[in-house]
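1. Let me see the structure of the following:
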Amino acid sequence: MTVQRKPSWRQVIGVAAFAAVAIGGASVARAQGTTLTLMFLGSYQAANEQAIAGFQKENPDITIKASYTAEPQSIRALFTTGNAPDIPMVYPGDGSAIAVKQLARAGLLEDLSGEAWAKSVSPSFIQSVTFQDKVYVLPTGYSYIAMYANDEVLKSVGAAVPRSFTDLLAFCDKAKATTIPMAFGLKEQLPVLFPGYALAASTAFADNARFAEDQATGKASFTSGYRASMEMYLQMRDHGCFSKDASGNSNDDALRQVAGGKAGLYVGVINYLPLIMKYNPDAKIIQAPFPGNADAAKVRLPLGPTPGYGVSAQSKNKAAAKKFIAYLQRPEVNRAWALAAAQLAGADIDAAPQTPGNSEAIRELLVAKRTVLYLDRAWPNARIQPVYMAGVQQLFAGQTTIEALLKRLDDAYALGAQ
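-> Residues are numbered from 1 along each chain as shown. The predicted structure follows:
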């Protein structure tokens, strides 16, 4: 097996920092001929523009007009109105309104099974990009949920990076007198997923590797498996891990806090690293697994495919759109895309993982396969995730109980595929 030379984490950050550019529309190509539209999350703009520029050099007769959004739901809205982009961003699995199984089930995506690249999709990705055994999405990369530690803050309170949940609570108890132990943007819904998913991965899934399968067959449920993770979430609150104003903080506020040395820890996905470094290029940041179990040996790393590229069934330029997607799957293009997007390259998913520097503990779990697929990738519909996000916010505000939230999650799960 040939292993590509690993870029330094400084190189990763240097290229990927451009992914933090302002959200907005962009028209890249100038040539006459076919015009394609593409829509993706703004955090992937640098990766997209780089890929579009390379594609344009080879195909000057195809113009790609890319636009970007902060709200994935806006992409689904375009499908509803008949104005879907030729090349939409598509989430893997079935846990979002723009997930592959949601869109394919509704007949909104073009079947890509006949494309040459579709026959060699890694087994690690195949379930996340298919519906009824047909491939609808090009997988591009994969991501993990990490704990970010500001090394200087930890040293200032005489603490090491927590390796177990017991360590984490002890750190919060010690650090809260002089700093914010963990930056948290509770004002927004998305950030609540990161600690919650990491806690569940290291409890429900660490105790039962087949938890998702058992949940699908009715042998397990949120009530039976997620109670420990919810209780631990509240333990973190009660030990002062989060600042008192966390409910008014955005995710961007939290990133600035850990970057600027006002907080010791933060939990988020891999591609938040360049954002942290953008706010403070001199910050000494360590990536580590979130210690979601009192037993460090049971800690698991939430891992999942990143958003991929599909072709709208409404597109009038499907051949050209498929040509762009075929270009994206080239290994050298994919690795450059992943570097710019601050992700792990899909081309390397079955080889040695290439993680940013200062993340050896992450790499160890990847090599050891101590990972859990992002929890929502196995959920049967797009209603569960909103219930989870809003429910955690309500839980922190004292507006619901763990028991009531778990029941609502089970009720949403019981609705099945929709």
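
2. C-alpha only now, for contacts and for neighbours.
-> Fine.

3. Let me know whether residue 318 touches residue 325 as I believe.
-> No - Residue 318 lies out of contact with residue 325 (Cα atoms under 8 Å); the separation is 10.5 Å.

4. Leaving out sequence neighbours, find the closest residue to residue 212.
-> residue 378 (6.6 Å; Cα to Cα, 6 or more residues apart in numbering).

5. ok, residue 318 and residue 325, which is more surrounded?
-> Taking neighbours as other Cα atoms under 10 Å, residue 318 and residue 325 compare with residue 325 leading, 23 against 17.

6. Report the mean per-residue pLDDT for the helix or strand harbouring the more buried one.
-> Using DSSP states H and E, residue 325 sits within helix 318-328. Across helix 318-328, pLDDT averages out at 98.

7. Skip ahead from it and say which helix or strand is next.
-> helix 331-341.

8. That next one - contacts with which helices or strands?
-> helix 9-16, helix 45-58, strand 344-345 (3 or more Cα pairs under 8 Å, 6 or more residues apart in numbering; DSSP states H and E).

9. Among these, show the one with the smallest mean pLDDT.
-> Among those, helix 9-16 scores lowest, at a mean of 41.

10. Let me see the contact set for residue 51.
-> 328, 333, 337 (Cα atoms under 8 Å, 6 or more residues apart in numbering).

11. which one of those sits closest to residue 249?
-> Within the contacts of residue 51, the smallest distance to residue 249 is 30.9 Å, found for residue 337 (Cα to Cα).

12. Let me know whether that closest one touches residue 47 as I believe.
-> Yes - using Cα under 8 Å, residue 337 is in contact with residue 47, at 5.0 Å.

13. Tell me which of these two has more neighbours.
-> The neighbour comparison of residue 337 against residue 47 (other Cα under 10 Å) goes to residue 337, with 27 against 21.

14. What separation is there between that one and residue 388?
-> In this view, residue 337 and residue 388 are 31 Å apart by Cα to Cα, to the nearest Å.

15. quick one, domains of this structure?
-> 9-140+306-348, 143-304+359-414 (automatic domain parsing).

16. and those domains, which one is worst for confidence?
-> Across the domains of the chain, domain 9-140+306-348 has the smallest mean pLDDT, namely a mean of 86.

17. What are the boundaries of the strands in the chain?
-> Under the criterion DSSP state E, the chain contains strands at 26-27, 34-41, 62-69, 87-90, 130-131, 134-135, 141-150, 180-183, 263-269, 285-288, 301-305, 308-309, 344-345, 371-373.

18. In a markdown table: those strands, plus mean neighbour count and distance to residue 365.
-> Converted to a markdown table, those look like this (neighbours: other Cα atoms under 10 Å; distance: least, Cα to Cα, whole Å):
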| stretch | mean neighbour count | distance to residue 365 |
| --- | --- | --- |
| strand 26-27 | 14 | 38 |
| strand 34-41 | 20 | 28 |
| strand 62-69 | 21 | 33 |
| strand 87-90 | 28 | 27 |
| strand 130-131 | 20 | 27 |
| strand 134-135 | 21 | 29 |
| strand 141-150 | 25 | 11 |
| strand 180-183 | 26 | 23 |
| strand 263-269 | 27 | 16 |
| strand 285-288 | 23 | 10 |
| strand 301-305 | 25 | 7 |
| strand 308-309 | 26 | 24 |
| strand 344-345 | 26 | 14 |
| strand 371-373 | 20 | 7 |
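
19. Figure out which of these is closest to residue 190.
-> Nearest to residue 190, of these and by Cα to Cα, is strand 263-269 at 9.8 Å.

20. could you dump that closest one to CSV, C-alpha only?
-> Output in CSV follows, covering the C-alpha atoms of strand 263-269 (Å, rounded to 0.1, in the frame of the first residue of the first chain):
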residue,chain,number,x,y,z
ALA,A,263,-11.5,29.0,27.4
GLY,A,264,-9.5,25.8,27.8
LEU,A,265,-11.5,23.4,25.7
TYR,A,266,-14.0,23.3,22.9
VAL,A,267,-15.8,20.4,21.1
GLY,A,268,-16.5,20.4,17.4
VAL,A,269,-15.8,18.9,14.0
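
21. Measure how far stretch 294-311 is from the centre of its chain, please.
-> From the chain centre to the centre of stretch 294-311 is a distance of 8 Å (Cα atoms, centre = their mean, to the nearest Å).

22. Wait, residue 394 touches residue 404, no?
-> No - between residue 394 and residue 404 there is no contact under Cα under 8 Å: 10.7 Å.

23. returning to that earlier point: just confirm the residue nearest to residue 212 contacts residue 99, I think it does.
-> No - using Cα under 8 Å as the test, residue 378 is too far from residue 99 to be in contact (11.0 Å).

24. list the buried ones in the helix holding residue 325?
-> 318, 320, 321, 322, 324, 325, 327, 328 (16 or more other Cα atoms under 10 Å).

25. Can you name every helix or strand that it contacts?
-> strand 34-41, helix 45-58.

26. Pipe the ones you listed into a markdown table and attach distance to residue 215 per row.
-> Listed next are these as a markdown table, based on distance: least, Cα to Cα, whole Å:
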| stretch | distance to residue 215 |
| --- | --- |
| strand 34-41 | 31 |
| helix 45-58 | 36 |
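
27. Quick one, which of these gets closest to residue 73.
-> The closest approach between residue 73 and any of the helices and strands packed on helix 318-328, judged by Cα to Cα, belongs to strand 34-41 at 10.6 Å.

28. So what touches that closest one?
-> With contacts defined as Cα under 8 Å, 6+ apart, strand 34-41 is touched by 61-72, 75, 85-89, 317, 320-321.

29. What strands flank it, and is each parallel or antiparallel?
-> Strand pairing for strand 34-41, using DSSP bridges, gives strand 62-69 (parallel), strand 87-90 (parallel).
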